[in-house]
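In: please work out how this folds:
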Amino acid sequence: MATLEELTDRIRRAAASGDGLSRTIKLDLKGEGFIHLDGAAVCNEDLPADLTVRISRADLVRLGKGELNPMSAVMTGRMKLSDMGLAMSLTPQIQALFEKAV
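Out: Residues are numbered from 1 along each chain as shown. As a prediction, this is how the structure comes out:
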């Protein structure tokens, strides 16, 4: 499985290729670190964001590969969102970014 550094680098490359998000997002990897996205800028700092997604590193990889349905992940508690409405509006952008990152 990809390390935090590998995931961060993959997301950084995907964001730099023009698939950056229109809002800031923080991925809280449940004690394994953070990935903060602000347009094409990606870092591992625990910075404030418009949307915080709390998910395990393994489930993040599954989500990017299409092996985990985002709605099922939310309903079963495997993924928690700070703002469901914002997450829903960003879903296509987030999915495109994560598909390139895994």
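In: wait, what's in contact with the closest residue to residue 52 other than its chain neighbours?
Out: Leaving aside its chain neighbours, residue 52 sits nearest to residue 82 (4.1 Å; criterion: CB to CB, 6 or more residues apart in numbering). Where you see a C-beta, it was placed from the backbone N, CA and C, and this is true even at glycine. Counting by CB atoms under 8 Å, 6 or more residues apart in numbering, residue 82 touches 51, 52, 53.
In: so the last one is in contact with residue 25, correct?
Out: Read that as residue 53. Yes. With contact defined as CB atoms under 8 Å, residue 53 reaches residue 25; the gap is 6.5 Å.
In: what residues does the strand or helix carrying residue 94 touch?
Out: Using DSSP states H and E, residue 94 sits within helix 84-101. By CB under 8 Å, 6+ apart, the residues outside helix 84-101 that reach it are 7, 10-11, 13-15, 17, 19-23, 25, 37, 50-51, 53, 60, 63-66, 70, 74, 81.
In: switch the cut-off to 7 Å
Out: With contact meaning CB atoms under 7 Å, 6 or more residues apart in numbering, helix 84-101 is reached by 7, 10-11, 14-15, 19, 21-23, 50-51, 63-64, 70, 81.
In: any idea how far the residue nearest to residue 52 is from residue 5?
Out: Residue 82 sits 25 Å away from residue 5, going by CB to CB, to the nearest Å.
In: gap between the nearest residue to residue 15 once chain neighbours are set aside and residue 9?
Out: Distances taken as CB to CB, 6+ apart place residue 40 nearest to residue 15, at 4.7 Å, with adjacent residues excluded. Applying CB to CB, the value for residue 40 to residue 9 is 13 Å.
In: and for residue 61?
Out: Going from residue 61 to residue 9 by CB to CB gives 14 Å.
In: settle it for me: which of these two has more neighbours?
Out: Between residue 61 and residue 9, counting by other CB atoms under 10 Å, residue 61 is the more crowded of the two (19 against 14).
In: all set, thanks.
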